[in-house]
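Asks: Can you look at this prediction? I've put the sequence above it.
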Amino acid sequence: MASSKLIPASSSSGDLPPDVLYEILLRVPAKDLCRLRAVCQAWRALTSNPLFAAAHKSCHKALLLALAYNNSNGNGVDIMDLSGNVLKRIPSTEPEITPVDNSGNAVVHTSDTENGTRVLPTHLDLVIFTREFSSVGLRVLNPAAGATLTLPTSLSEQLARRPRMQHFSEVESRAFGRVSSTGEVMSIEPGSITSFNLETEEWTGTLRGPAPVFNSIQESTVLSYAELNLWLSLAELNGCLVTVHNVHSVSMDLLFLTDIENCIWVKKYSMPSHVAEMHVHPFLISDDERILFKHGTRYLKGYDPRNGTYADALEVRDSRSIAIYTGTRYWK
């Protein structure tokens, strides 16, 4: 499979034999591979070779799904393709976190089946998951290596002073972040978006949401924040930040951020009332242009904007506990 003929014989790649270097670079995601081309002329020549490009593309095919499984034999994460084939099952081996009450006393311990795995809705080459009865404790899974890292469970000083959250926490809204050391409260308009840089761990300002969303909020003065939380959500579709404006039983609009500097949003899809159900969230546009939705049942729904059809697309165990996996298919 690998071929040292793709690497110039006069080149030097340190102590790595050509075939080993080929196999390593073959596993690197395309985004990182572009940066590695600048390492040396030999790496640029290899990664620019059409034969290598074809081999790399075959190893990094369509997006995969990561979803939780929970049964009498245990729990963990499955990696599945969009045809429903389970490519790898990764049993959960992380240590248990015993739930406690507000006084710090351990509560009744639940079985692994009851305290099941929950996958957070990420779009990464890693999988973030937690447990049903200890959702403050987050784990990071590398499916390619099969290794799990448990993140620290300690809270910041500001959050530690608040009543403790137990059992069923809204983990999607508390997955990452850091409370400002100044304790300053950020105030923004409803419908706006606050952005957080995970690399610098800093808040980077407020992004004004789409004009149609602001107009709708202003016209609906009776809406509470709880109702707005059901109407509005964010998604990543085709590499773009998308505001999902779901007016239940009326319509669902997907507005794509096409220019972040000038804050330009473009409405690319508007779906009819039978799609605009409560707790229905778009999370992927497939190669055949269907928009896939998760909505808490055993099926992912698919909407085809070309003919307006809306039907079951793929059977899963629980479409709420699902993520998109963008990593390699090489397994250890």
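Replies: Structure's in. What do you need?
Asks: May I have the helix or strand where Asp78 lies as CSV, with CA atoms only?
Replies: Secondary-structure element containing Asp78, defined by DSSP states H and E: strand 74-80. Listed next in CSV are the C-alpha coordinates belonging to strand 74-80 (Å, rounded to 0.1, in the frame of the first residue of the first chain):
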residue,chain,number,x,y,z
GLY,A,74,-22.2,-2.2,29.6
ASN,A,75,-22.0,1.1,27.8
GLY,A,76,-19.7,3.1,25.6
VAL,A,77,-19.5,4.8,22.2
ASP,A,78,-20.1,3.4,18.7
ILE,A,79,-18.6,4.8,15.6
MET,A,80,-21.1,4.4,12.8
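Asks: ok, the following helix or strand past it: who's next to it in the sheet?
Replies: Downstream of strand 74-80, the next assigned helix or strand under DSSP H and E is strand 86-91. Strand partners for strand 86-91, identified by DSSP bridges, are recorded as strand 74-80 (antiparallel).
Asks: Which residues does the strand holding Asp78 contact?
Replies: Identification of contacts with strand 74-80 by CB atoms under 8 Å, 6 or more residues apart in numbering yields 64-69, 86-92, 112-113, 116-117, 119, 127, 129, 141, 143, 316, 325. C-beta: built from backbone N, CA, C; applies to glycine.
Asks: Among those residues, name the buried ones.
Replies: A residue is treated as buried here by neighbour count (16 or more other CB atoms under 10 Å); on that basis the buried members of these are 64-69, 88, 90, 92, 112, 116-117, 119, 127, 129, 141, 143, 316, 325.
Asks: For the stretch 201-332 of the chain, just list every one of the helices.
Replies: With helices called from DSSP state H, counting those that start in this stretch, the stretch 201-332 of the chain shows them at 211-219, 225-231.
Asks: Out of these, which one sits most buried?
Replies: Greatest average neighbour count among these goes to helix 211-219 (a mean of 15), per mean count of other CB atoms under 10 Å.
Asks: Need the contact partners of that one.
Replies: Helix 211-219 is contacted by residues 189-191, 208, 223, 228, 231-232, 243, 245, 247, 253, 255, 265, 267 when judged by CB under 8 Å, 6+ apart.
Asks: follow-up on the earlier one: which one of the helices of the stretch 201-332 of the chain lies nearest to Leu46?
Replies: Comparing those against Leu46 with CB to CB, the closest turns out to be helix 211-219 (47.0 Å).
Asks: Just give the nearest non-adjacent residue to the residue nearest the centre of the chain, would you?
Replies: Centre of the chain computed as the mean C-alpha position; nearest residue by CA atoms, centre = their mean is Thr122, 1.2 Å away. Distances taken as CB to CB, 6 or more residues apart in numbering place Ala323 nearest to Thr122, at 4.7 Å, with adjacent residues excluded.
Asks: Quickly list what Leu314 is bridged to.
Replies: Here Leu314 shows beta-bridge partners Leu300, assigned using DSSP bridges.
Asks: Next, count neighbours for it.
Replies: The local packing of Leu314 (other CB atoms under 10 Å) involves 18 other residues.
Asks: likewise the one 3 residues further on?
Replies: Arg317 has 15 neighbouring residues, counting by other CB under 10 Å.
Asks: shouldn't Ala66 be in contact with Arg118?
Replies: No - with contacts defined as CB atoms under 8 Å, Ala66 does not count as touching Arg118, sitting 11.6 Å away.
Asks: contact partners of stretch 53-69?
Replies: Counting by CB under 8 Å, 6+ apart, the neighbours of stretch 53-69 from elsewhere in the structure are 1, 25-27, 29-30, 33, 47, 75-82, 87, 89, 116-119, 127, 129, 143, 284, 287, 316-318, 321-330.
Asks: Sitting in strands, which of the contacts of strand 74-80 do you find?
Replies: Among the contacts of strand 74-80, the residues falling in strands (DSSP state E) are 64-69, 86-91, 117, 119, 127, 129, 141, 325.
Asks: Closest one of the contacts of helix 211-219 to Val20?
Replies: Looking at the contacts of helix 211-219 and their distance to Val20, the nearest is Thr243, at 45.7 Å (CB to CB).
Asks: Convert the C-alpha atoms of stretch 243-250 to PDB, please.
Replies: The C-alpha coordinates for stretch 243-250 follow below in PDB (Å, rounded to 0.1, in the frame of the first residue of the first chain):
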ATOM      1  CA  THR A 243     -28.700  30.000  13.300                       C
ATOM      2  CA  VAL A 244     -31.700  27.700  13.500                       C
ATOM      3  CA  HIS A 245     -34.900  29.700  13.800                       C
ATOM      4  CA  ASN A 246     -37.600  27.200  14.600                       C
ATOM      5  CA  VAL A 247     -41.100  28.600  15.000                       C
ATOM      6  CA  HIS A 248     -42.900  25.500  16.100                       C
ATOM      7  CA  SER A 249     -45.600  24.200  13.700                       C
ATOM      8  CA  VAL A 250     -45.000  27.200  11.400                       C
END
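Asks: That's all I had, so thanks and see you.
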